[in-house]
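[1] no letters, just coordinates:
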């Protein structure tokens with residue numbers, strides 16, 4: 001993971017540097033909806049932040065309105081989370097306040113233009129300043145909208161002065177030559193590598209655990225088999241089939257429904273050569289309708305029957321609520337309505353029972369019931385409607401071995417297979433290394449080792465690449481192993497997903513790690529800028545937390 005970050009940093013430094021201004025600023029959570037911030041009560045006590053009152057809607061607009069515009073100019077987009085905008089706004093204003101305290105001047109015309117040219121908001125597809133994009137932006141401002149030219153000019157000047165403060169706080173960004181050499185080694189080393197991909201799915205050892213092994217595995221892993229919280233309810237079903245006899249439909253109603261939903265009822269495809277001869281003028285749409293009329297009718301009847309079932313379920317819910325029943329009184333009352341109250345076995349939120357149609361959303365609704373709120377609403381199901389009545393909640397707890405024996409067996413076999421796969425990797429590596437030492441190629445050594453161990457292995461070769469620009473399909477797990485190897489060495493097998501990777505560094509050419517390397521100066525500047533920005537961000541974080549009265553040690 002660290003290697004990936006460093007590689008991405010090298011390839012996308014400019015984006016990451018500007019992103020640092022937004023994403024890596026302060027670690028605390030500051031919510032605009034917190035008490036006293038943005039509320040309707042104008043009489044709440046002032047909450048000062050430098051010379052602002054965070055409880056004032058006008059000061060909030062000043063703080064966050066300018067920050068939103070600044071984000072667009074600095075990052076080139078506005079699809080950033082509200083929390084990030086809030087954090088950025090606070091640090092940005094702290095920088096501006098310091099600039100005012102230090103009487104730092106704004107930019108001259110030439111300085112401002114140079115600053116504008118570095119803003120991603122005006123960059124073209126190549127990442128460089130696009131004069132036409134800047135001109136279009138200014139023309140759009142003249143047409144009116146959320147921001148005016150004066151707003152943009154003010155924010156650009158503020159951002160220039162805020163950047164001056166960050167530069168002062170961050171300093172030059174001290175970098176040691178050893179840091180640059182280390183980064184050059186990681187990103188610019190020229191590699192050639194062979195990768196043996198060992199198929200985990202094809203690995204099928206015979207594993208037949210005894211009862212004692214399974215029992216011991218269960219006792220060592222009881223936390224995996226705790227029963228989740230469950231609820232027990234009674235329920236009344238209202239199946240739609242009960243109401244089908246009440247549904248009557250005319251041909252016009254069926255045709256109207258079909259005309260409104262033709263995509264739901266595609267006409268059956270006839271086999272080639274089975275088409276009936278066309279006689280006179282035939283309406284193709286009418287022919288399609290006639291072919292699916294029975295299906296349309298059945299769908300309409302079921303929909304209407306489900307509506308009737310939902311209405312009756314709602315009527316019963318209202319009657320039960322008005323009767324103010326509790327405990328065992330529900331049963332006789334429901335029986336008096338000619339309905340049946342059934343008991344369901346306990347179930348968890350993840351295992352909806354059959355009377356809920358296996359719908360996990362309805363199962364979660366059952367967990368909102370309690371002794372104080374025993375009666376649910378009427379819920380539609382795929383086959384009708386249902387209401388539930390609370391009986392008891394069952395907390396999570398340890399399971400009996402007999403209840404989870406099948407799961408224990410599956411887990412034990414899976415765990416044992418994984419262990420044996422790891423051992424296979426060690427054996428394969430040892431055999432491959434031994435054969436390579438005799439002069440056999442890595443690919444031939446891998447083939448021999450796979451045949452002797454019954455393993456399924458694919459060998460791929462990659463030549464002449466760096467970590468900064470790796471091959472498109474180079475496995476990430478193998479890339480991490482590669483960094484630990486010298487030329488000619490072979491890594492331990494690393495498992496990722498359903499494959500194991502054994503990496504052979506067939507060649508390794510280290511870069512020149514001093515100032516004669518053209519990348520040395522470039523990398524030094526990038527790391528220095530990053531270190532400077534990080535230092536400034538940490539300083540501003542501390543300043544903002546102090547001003548807000550936040551104890552960062554908590």
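    On my side now, so go ahead. Small disclaimer: the values here were computed from a predicted structure and weren't measured.

[2] could you pull out the helices for the stretch 451-554 of the chain?
    For the stretch 451-554 of the chain, the helices defined by DSSP state H, counting those that start in this stretch occupy 476-482, 518-548.

[3] and for the stretch 1-150 of the chain?
    With DSSP H, counting those that start in this stretch as the criterion, the stretch 1-150 of the chain has helices spanning 2-11, 13-23, 57-75, 82-101, 109-117, 131-142, 149-170.

[4] same deal with the stretch 301-450 of the chain?
    330-336, 360-366, 405-437, 442-453.

[5] pLDDT on the first one, on average?
    This points to helix 330-336. Averaging pLDDT along helix 330-336 yields 92.

[6] list the buried ones in it?
    330, 334 (16 or more other C-beta atoms under 10 Å). All C-beta spots, glycine's among them, are computed from the backbone N, C-alpha and C.

[7] relative to residue 72, how far out is the spatially most central residue of the chain?
    Centroid-nearest residue in the chain, with C-alpha atoms, centre = their mean: residue 81, separated by 14.2 Å. Distance, residue 81 to residue 72, by C-beta to C-beta, to the nearest Å: 15 Å.

[8] sorry, back to before: indicate which one of the helices of the stretch 301-450 of the chain is closest to residue 51.
    helix 360-366 (49.2 Å; C-beta to C-beta).

[9] ok so, going back, of the helices of the stretch 1-150 of the chain, give the one that comes closest to residue 309.
    Of all the helices of the stretch 1-150 of the chain, helix 82-101 comes closest under C-beta to C-beta, at 43.7 Å.

[10] start to end distance for stretch 117-124?
    For stretch 117-124, the first-to-last residue distance is 11 Å (C-alpha to C-alpha, to the nearest Å).

[11] list the buried ones in that stretch?
    Quick answer for stretch 117-124 (16+ other C-beta under 10 Å): 119-123.

[12] got it, and stretch 452-471?
    455, 457, 459, 462, 465-468, 470.

[13] show me what contacts residue 424?
    Taking C-beta atoms under 8 Å, 6 or more residues apart in numbering as the criterion, residue 424 is in contact with 198, 203, 453, 455, 493, 500.

[14] mind listing which of those residues are in strands?
    Per DSSP state E, strands hold the following members of the contacts of residue 424: 198, 500.

[15] pick the one among the contacts of residue 424 closest to residue 514.
    residue 493 (36.5 Å).

[16] burial count for the closest one?
    Neighbourhood size, residue 493 [other C-beta atoms under 10 Å]: 23.

[17] out of everything not next to it in sequence, what's closest to it?
    residue 425 (2.9 Å; C-beta to C-beta, 6 or more residues apart in numbering).

[18] so what's the one you found up against?
    Residue 425 neighbours (C-beta under 8 Å, 6+ apart): 198, 492-493, 495, 500, 502.

[19] of all pairs in those residues, which one is the farthest apart?
    198 and 492 (12.0 Å).

[20] shared neighbours, these two?
    425, 502.

[21] neighbour count winner among these two?
    residue 198 (25 against 14).

[22] bridged to the more buried one, which residues?
    residue 457, residue 500 (DSSP bridges).

[23] doesn't residue 496 make contact with it?
    No. In this structure, residue 198 is not within contact of residue 496 by C-beta atoms under 8 Å, at 10.9 Å.

[24] walk me through the domains of the protein.
    11-173+520-548, 190-210+404-509, 227-269+281-394 (automatic domain parsing).

[25] can you put those domains in JSON lines and add distance to residue 220?
    Rendered in JSON lines, the data for those read as follows (distance: least, C-beta to C-beta, whole Å):
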{"stretch": "domain 11-173+520-548", "distance to residue 220": "38"}
{"stretch": "domain 190-210+404-509", "distance to residue 220": "10"}
{"stretch": "domain 227-269+281-394", "distance to residue 220": "18"}
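
[26] least confident of these, on average?
    domain 11-173+520-548 (a mean of 77).

[27] check the offset of that domain from the chain's centre.
    27 Å (C-alpha atoms, centre = their mean, to the nearest Å).

[28] just stretch 317-334 next, same as before
    45 Å.

[29] and stretch 504-514, by the same measure?
    37 Å.

[30] which residues touch it?
    Counting by C-beta under 8 Å, 6+ apart, 177, 180-181, 184-185, 188-196, 432, 436, 442, 461, 463, 482, 485-491, 517, 519-520 sit against stretch 504-514.

[31] let's verify residue 266: helix, strand, or coil?
    coil (DSSP: H, G, I helix; E, B strand; the rest coil).

[32] what sits against it?
    Residue 266 neighbours (C-beta under 8 Å, 6+ apart): residue 292.

[33] follow-up on the earlier one: quick one: residues contacting the residue nearest to the centre of the chain.
    Residue 81 neighbours (C-beta under 8 Å, 6+ apart): none.

[34] mind checking how far it is from residue 92?
    For residue 81, the distance to residue 92 - C-beta to C-beta - is 16 Å.

[35] residue 181 too?
    36 Å.

[36] which of the two has more neighbours?
    residue 92 (26 against 18).

[37] distance check, the residue nearest to the centre of the chain against residue 87.
    9 Å.

[38] same check on residue 352?
    In terms of C-beta to C-beta, residue 352 sits 41 Å off from residue 87.

[39] in terms of packing, which of the two has more residues around it?
    The residue with more neighbours, out of residue 352 and residue 87, is residue 87; 23 against 19, by other C-beta under 10 Å.

[40] one step back: of all the helices of the stretch 301-450 of the chain, which one is nearest residue 377?
    Here helix 360-366 is closest among those (C-beta to C-beta), at 7.9 Å.

[41] so can I have TSV of the contacts of residue 425 showing distance to residue 266?
    Below are these laid out as TSV (distance: C-beta to C-beta, whole Å):
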residue	distance to residue 266
198	47
492	57
493	52
495	47
500	48
502	53
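
[42] quick check, nearest of those residues to residue 328?
    Nearest to residue 328 among the contacts of residue 425, with distances taken as C-beta to C-beta, is residue 495, at 56.8 Å.

[43] burial measure for the nearest residue to residue 122 once chain neighbours are set aside, as a count.
    For residue 122, ignoring the flanking residues on the chain, the nearest one in space by C-beta to C-beta, 6+ apart is residue 134 at 4.4 Å. Residue 134 is flanked by 18 other residues according to other C-beta under 10 Å.

[44] my guess is residue 134 contacts residue 118. True?
    No. Counting by C-beta under 8 Å, residue 134 sits too far from residue 118 to count as a contact (11.9 Å).

[45] what's the spacing between stretch 351-367 and its chain's center?
    The answer for stretch 351-367 is 26 Å, by C-alpha atoms, centre = their mean.

[46] out of the helices of the stretch 301-450 of the chain, which is closest to residue 112?
    Nearest to residue 112, of the helices of the stretch 301-450 of the chain and by C-beta to C-beta, is helix 360-366 at 56.3 Å.

[47] wait, what's in contact with residue 207?
    Residue 207 neighbours (C-beta under 8 Å, 6+ apart): 412-413, 416-417, 420.

[48] residue 201 too?
    residue 498.

[49] for it, grab phi and psi.
    phi -60, psi -30 (degrees, to the nearest 10).

[50] likewise residue 473?
    According to degrees, to the nearest 10, residue 473 has phi -100, psi 20.

[51] how near is it to residue 201?
    19 Å.
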